[in-house]
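Colleague: Here's a sequence, model it:
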Amino acid sequence: MNASKVYFSDMRTNPNSPSLPGKLHRLIKAAGFEEIDFSGKFTCIKLNFGEPGNMAYLRPNWTRVVADYVKELGGLPYVSDCNTLYVGGRRNGLEHLESAYENGYNPFQTGVHTIIADGLKGSDDVHIPVENGEYVKEAKIGRAIADADVVISLSHFKGHELTGFGGAIKNLGMGSGSRAGKMEMHSAGKPFVRTRHCIGCGR
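Modeller: All right, here's what the predicted structure looks like:
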């Protein structure tokens, strides 16, 4: 597999340089967005909307740049993510939408609709066989992601307690899984006790 080209931009701006959203537009243009056939295609912009009160998510004005360019190229973009397993503001479709709206992921900010990919209770999914899958034989993917003609992943770098860090692969791999899909993926990681270190505290 050949290494991918990675594009960077200086995050500093001044009155004579493009704005940060302008720099993102320049980057995605350089990355070859115009070579993708968006014409009349449902285009899922897959990202994490963030928990209410959390600041660790991509701001909607970045998403707006991508959505506007997809529309300019004839696509039908929307933003999407699947419900989470854990307690919080994204565990079902209604609370997830409210969380997304609170963090600016609404048509007024992004210019596109927000769709919770696996529906109200996280059960609206498509089962996709994983050839030679070691841990998962059949991926359960949120329907609004699986049904897309084009998927664009927008992700942020984050620390992760199990894998060290998360980003583009986690955004698509774990993030596209319905609640049932996430449960299956997480079930491979089982707790264990190192008996020689255990002091029998009961925790």
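Colleague: worst-scoring helix or strand of this structure, pLDDT-wise?
Modeller: Between all helices and strands in the chain, the lowest mean by mean pLDDT, DSSP states H and E belongs to strand 164-166, at a mean of 66.
Colleague: Quick one: name whatever helix or strand follows it.
Modeller: The element immediately downstream of strand 164-166 (helix or strand, assigned by DSSP states H and E) is helix 168-173.
Colleague: Report all helices and strands that that next one contacts.
Modeller: Applying 3 or more CB pairs under 8 Å, 6 or more residues apart in numbering; DSSP states H and E, one finds that helix 168-173 contacts strand 150-153. The C-beta positions use only the backbone N, C-alpha and C, and glycine is treated the same way.
Colleague: Run through who's touching the strand it packs on.
Modeller: With CB atoms under 8 Å, 6 or more residues apart in numbering as the test, strand 150-153 has contacts from 36, 38, 41-47, 66, 70, 75, 145, 168, 171-172.
Colleague: One more pass at 6 Å, please.
Modeller: Identification of contacts with strand 150-153 by CB atoms under 6 Å, 6 or more residues apart in numbering yields Lys41, Thr43, Cys44, Ile45, Lys46, Ala168, Asn171, Leu172.
Colleague: Out of those residues, who's the most crowded?
Modeller: Counting neighbours by other CB atoms under 10 Å, Cys44 comes out on top of the contacts of strand 150-153 with 26 neighbours.
Colleague: so what's it up against?
Modeller: Counting by CB under 6 Å, 6+ apart, Cys44 touches Ser80, Ile145, Ala148, Val151.
Colleague: which one of those residues has the most neighbours?
Modeller: With neighbours defined as other CB under 10 Å, the most crowded of the contacts of Cys44 is Ser80; it has 27 neighbours.
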